[in-house]
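In: With the input below, show me the fold.
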Amino acid sequence: MTTIRQFCMDDLLKFNNVNLDVLTETYNMPFYMSYLSKWPEAFTVAESANTGHLMGYMLGKAEGEGKDWHGHVSAITVSPRYRRLGLARTLMDEMEGELCSNRYNAYFVDLFVRASNSLAITMYEQFGYSVYRRVLGYYSGDDPEDAFDMRKALPRDVNKESVVPLEHPIRPEDLEW
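Out: Numbers count the residues shown, from 1 in each chain. You can find the predicted model right below:
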């Protein structure tokens, strides 16, 4: 049995089993705390009702203006032990439905994914996301890499204008938000 609930400050001390995975982008504590203080409703966790262990989490926010008003998934990850149980879909459904469609009344939800992460790209496509644009050199470090900005239109975007793919890639400094 799984419980989906808001992330709380104590969870910062319990999520290493989720974060210490090569497929997970890990951030510093102030980053997580800023999301927790600004968008607590968009920072959710999947917790095992039996053991109390964290199974995964989704870190999101709302941003933009006008027709660019949207929900953004900054991170979603599930512990390797709990993968293939539908938890990522459950967490994404929470973000897309109650938060972005109802509470935020957003036009779309977006996320960034490494262009080489074909497993994640396929999963997001199964969730209804499509590649909107390529962001050159989005991921920095020892092995810089491009990202795909993937989007899913929400009911407010009746004509699905927010997901019409751009023809040319952009650079991180050209991102709107």
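In: tell me the strands in this protein, going along the chain?
Out: All strands of the chain, identified by DSSP state E, fall at 2-6, 43-48, 54-63, 70-78, 108-114, 130-139, 145-153.
In: Could you report the separation of the spatially most central residue of the chain from F31?
Out: Here the mean C-alpha position of the chain is nearest to the C-alpha of V73 (Cα atoms, centre = their mean), at a distance of 2.5 Å. V73 is 15 Å from F31, where distance means Cβ to Cβ, to the nearest Å. C-beta here means a position set from N, CA and C on the backbone, and glycine is covered the same way.
In: Same question for Y132.
Out: Between Y132 and F31 the computed distance is 24 Å (Cβ to Cβ).
In: one step back: CSV for the strands of the chain, including distance to F15 and mean pLDDT?
Out: Rendered in CSV, the data for the strands of the chain read as follows (distance: least, Cβ to Cβ, whole Å; pLDDT from 0 to 100):
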stretch, distance to F15, mean pLDDT
strand 2-6, 13, 90
strand 43-48, 8, 93
strand 54-63, 5, 93
strand 70-78, 9, 94
strand 108-114, 19, 96
strand 130-139, 22, 96
strand 145-153, 23, 97
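In: May I see these organised as a markdown table, with distance to E167 added?
Out: Output for the strands of the chain, formatted as a markdown table (distance: least, Cβ to Cβ, whole Å):
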| stretch | distance to E167 |
| --- | --- |
| strand 2-6 | 38 |
| strand 43-48 | 35 |
| strand 54-63 | 24 |
| strand 70-78 | 21 |
| strand 108-114 | 18 |
| strand 130-139 | 9 |
| strand 145-153 | 14 |
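In: so which of those comes closest to L20?
Out: strand 70-78 (10.4 Å; Cβ to Cβ).
In: follow-up on the earlier one: list the contacts for the residue nearest to the centre of the chain?
Out: By Cβ atoms under 8 Å, 6 or more residues apart in numbering, V73 lies in contact with 58-60, 92, 95, 109-111.
In: Which single one of those residues is nearest to K67?
Out: D110 (13.1 Å).
In: which non-adjacent residue is nearest the closest one?
Out: Leaving aside its chain neighbours, D110 sits nearest to R151 (4.6 Å; criterion: Cβ to Cβ, 6 or more residues apart in numbering).
In: Got the phi and psi for the residue of the chain most remote from its centre?
Out: Distance from the C-alpha centroid of the chain, by Cα atoms, centre = their mean, peaks at N50 (26.1 Å). For N50, the backbone dihedrals (degrees, to the nearest 10) come out as phi -80, psi -40.
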